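Participant: I would like the atomic coordinates for the input below:
(one chain, ligands or ions: 2)
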Amino acid sequence: MKEATMPVDTHPSPEKKQTAERPDRKKIADHLDGASNPEAIDTNIPDPVMECENVDVYYGKFRAVSGVNLKFARNDITALIGPSGCGKSTLLRSLNRMNDLVDGARVEGKVTFHGEDIYGPDVDAIEVRRRVGMVFQKPNPFPKSIYDNIAYGPRVVGMKVSMDDLVEEALTRAALWDEVKDKLKQSAYGLSGGQQQRLCIARTIAVKPEVILMDEPCSALDPIATMRIEDLMQELSQDYAIIIVTHNMQQAARVANRTAFFTALASEQTGDRTGVLVEYGSTSTLFQNPRDRRTEDYVAGRFG
Ligand SMILES: Nc1ncnc2c1ncn2[C@@H]1O[C@H](COP(=O)(O)OP(=O)(O)OP(=O)(O)O)[C@@H](O)[C@H]1O
Ligand SMILES: [Mg+2]
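Facilitator: Ligands and ions are numbered 1, 2, ... in the order given. Sure thing, here's the model as predicted:
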C-alpha cells in the first residue's frame with residue numbers, strides 16, 4: 001500500500017515541540033524506576049508471533065511509552081487497557097510501523113515478528129503493514145466502491161488471485177457478504193457505521209495478514225454492531241493474532257483471553273506522563289485476581 005494513502009489516527013499535541021534531539025535518558029528515567037512490575041507480567045507465552053523487548057516510543061523528546069516487554073501469542077485476542085494518554089495507541093502503532101508515518105515518532109528497543117526485528121535495516125515497512133494489519137477507531141473506508149475497497153490492497157501488493165473470489169471470501173469472513181453482495185459497485189460511504197467497520201476488517205484481512213491490530217474498533221458503534229464485531233474477532237482469532245485497544249472493560253473481559261494493563265506516570269521535573277506496562281496475563285486473572293495494586297484499583301474503577 002502506498003504510504004500516502006495509509007490512514008493515521010493520532011492525537012497530536014501541537015504544544016509539544018517535535019525535535020529529533022535525543023532525550024537525557026538518566027534525567028527522565030528516575031520516576032519510572034520500578035514502575036513496571038515483572039512479577040505481574042507473564043513472560044511464558046507459548047508460540048509468540050510478536051514480541052516487544054524493552055520498547056520505548058518517543059515523540060521528539062517526549063517519551064510516551066517506556067520499557068515495554070510483551071509477547072503476543074498466535075490465536076490469542078489480547079486487550080490493551082489503561083487510562084487515556086497511557087500510550088496504548090502509541091504502542092499499538094509501533095507494532096506495524098505505523099508510527100513511521102507520525103512526525104517525530106521514534107521507537108527504541110526491539111519489536112519482533114516471527115523473531116525478526118521489524119525495524120531492521122532490510123525490512124520493508126509496507127510489507128510489515130501487510131502482515132500486521134490495522135483497523136482504526138473510526139471506520140475509514142476509501143472513497144471507492146465496496147468491491148474496490150477490498151480489491152485495492154491485493155492489487156497494490158500484486159496478489160495473483162481471482163479478485164472476485166478474494167472479495168467474496170474477505171467479505172464473507174467479515175460477516176458482511178450477505179448484506180452487500182447485491183451492491184458491490186456502490187460507494188462504501190453508503191454503508192452504516194457498523195457495516196463500514198466490517199468492511200475495514202474485510203479490507204484488512206484481504207491482504208492475508210497474520211496479526212490484526214484494532215484501536216478501539218467499536219467505540220463509534222451501537223451495541224448490536226459492537227456485538228457483531230466482537231463475534232467476528234472470536235471467529236478471526238482462529239487464524240489470526242488480534243491485539244485490541246479498548247476502553248470498555250466489559251469488552252476486554254468478553255473477547256480477550258489475555259489483557260495488558262498500562263498506566264501513565266508523571267515526571268516531577270517535566271510533568272510529562274509516560275506510559276508503562278503494569279500487568280499482563282490471562283484476562284480472568286487480571287480482572288478477578290490482579291497481582292498489582294494499580295491494576296486492582298483500575299479494574300475496580302477507583303482510578304482512571
Ligand atoms: N502524534 C503525536 N505527537 C506528539 N505526542 C503524541 C502524538 N500522539 C500521541 N501523543 C502523546 O503520547 C501520549 C500517549 O498517547 P496515546 O494516544 O498513545 O494514548 P492512549 O493510551 O491511546 O490514549 P486514549 O485512551 O485517549 O486513546 C499522550 O501524552 C499523547 O498526547
Ligand atoms: Mg488511543
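
Participant: quick one: contacts for residue 255?
Facilitator: Counting by CB atoms under 8 Å, 6 or more residues apart in numbering, residue 255 touches 77, 79, 230, 233, 234, 244. The C-beta positions use only the backbone N, C-alpha and C, and glycine is treated the same way.

Participant: JSON lines for those residues, including pLDDT?
Facilitator: Shown next, in JSON lines, are these (pLDDT from 0 to 100):
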{"residue": "77", "pLDDT": "97"}
{"residue": "79", "pLDDT": "98"}
{"residue": "230", "pLDDT": "94"}
{"residue": "233", "pLDDT": "92"}
{"residue": "234", "pLDDT": "93"}
{"residue": "244", "pLDDT": "97"}
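
Participant: just those: which are in strands?
Facilitator: In this view, the contacts of residue 255 that belong to strands under DSSP state E are 77, 79, 244.

Participant: thought the last one was touching residue 211?
Facilitator: Same thing as residue 244. No: the pair residue 244 / residue 211 is not scored as a contact, 11.3 Å apart, by CB atoms under 8 Å.

Participant: looking at those two, which is more packed in?
Facilitator: Neighbours per residue, other CB atoms under 10 Å: of residue 244 and residue 211, the larger number sits with residue 244, 27 against 21.

Participant: which residues are in contact with the nearest residue to residue 32 once chain neighbours are set aside?
Facilitator: Leaving aside its chain neighbours, residue 32 sits nearest to residue 66 (5.3 Å; criterion: CB to CB, 6 or more residues apart in numbering). By CB under 8 Å, 6+ apart, the contact list for residue 66 reads 32, 35, 56, 274, 275, 276.

Participant: okay, now residue 271: neighbour count?
Facilitator: Count around residue 271 with other CB under 10 Å applied: 7.

Participant: helices of the stretch 201-304 of the chain, residue ranges please.
Facilitator: 223-236, 249-255, 283-288, 293-299 (DSSP state H, counting those that start in this stretch).

Participant: on contacts alone, who are the packing partners of the first one?
Facilitator: In terms of contacts (3 or more CB pairs under 8 Å, 6 or more residues apart in numbering; DSSP states H and E), helix 223-236 is packed against helix 193-206, strand 241-245, helix 249-255.

Participant: what stretches of the stretch 101-250 of the chain score poorly on pLDDT?
Facilitator: Scanning the stretch 101-250 of the chain for pLDDT under 70 picks out nothing.

Participant: who in it is up against ligand 1?
Facilitator: Counting by CB under 6 Å from any ligand atom, the stretch 101-250 of the chain comes close to ligand 1 at residue 102.

Participant: show me where the stretch 101-250 of the chain has strands.
Facilitator: 105-113, 116-117, 132-135, 211-215, 241-245 (DSSP state E, counting those that start in this stretch).

Participant: which stretch among those comes nearest residue 290?
Facilitator: Comparison of the strands of the stretch 101-250 of the chain against residue 290 by CB to CB identifies strand 241-245 as nearest, at 19.1 Å.

Participant: gap between the residue of the chain positioned farthest from its centre and residue 146?
Facilitator: The C-alpha centroid of the chain is most remote from residue 182, which lies 32.2 Å away (CA atoms, centre = their mean). Applying CB to CB, to the nearest Å, the value for residue 182 to residue 146 is 10 Å.

Participant: what does residue 152 give?
Facilitator: Applying CB to CB to residue 152 and residue 146 gives a distance of 11 Å.

Participant: the more surrounded of those two?
Facilitator: Between residue 152 and residue 146, counting by other CB under 10 Å, residue 146 is the more crowded of the two (28 against 17).

Participant: and the more buried one, how far is that from residue 199?
Facilitator: According to CB to CB, residue 146 and residue 199 sit 6 Å apart.

Participant: between those two, which contacts overlap?
Facilitator: 171, 180, 188, 191.

Participant: export the strands of the stretch 101-250 of the chain as a markdown table, with columns for distance to residue 300.
Facilitator: Output for the strands of the stretch 101-250 of the chain, formatted as a markdown table (distance: least, CB to CB, whole Å):
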| stretch | distance to residue 300 |
| --- | --- |
| strand 105-113 | 31 |
| strand 116-117 | 38 |
| strand 132-135 | 30 |
| strand 211-215 | 25 |
| strand 241-245 | 21 |
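
Participant: which of the shared contacts of residue 146 and residue 199 ranks first by neighbour count?
Facilitator: So for those (other CB under 10 Å), the most neighbours sit at residue 171, 27 neighbours.

Participant: pretty sure that one contacts residue 202?
Facilitator: Yes: here residue 171 reaches residue 202: they are 5.0 Å apart, a contact under CB under 8 Å.
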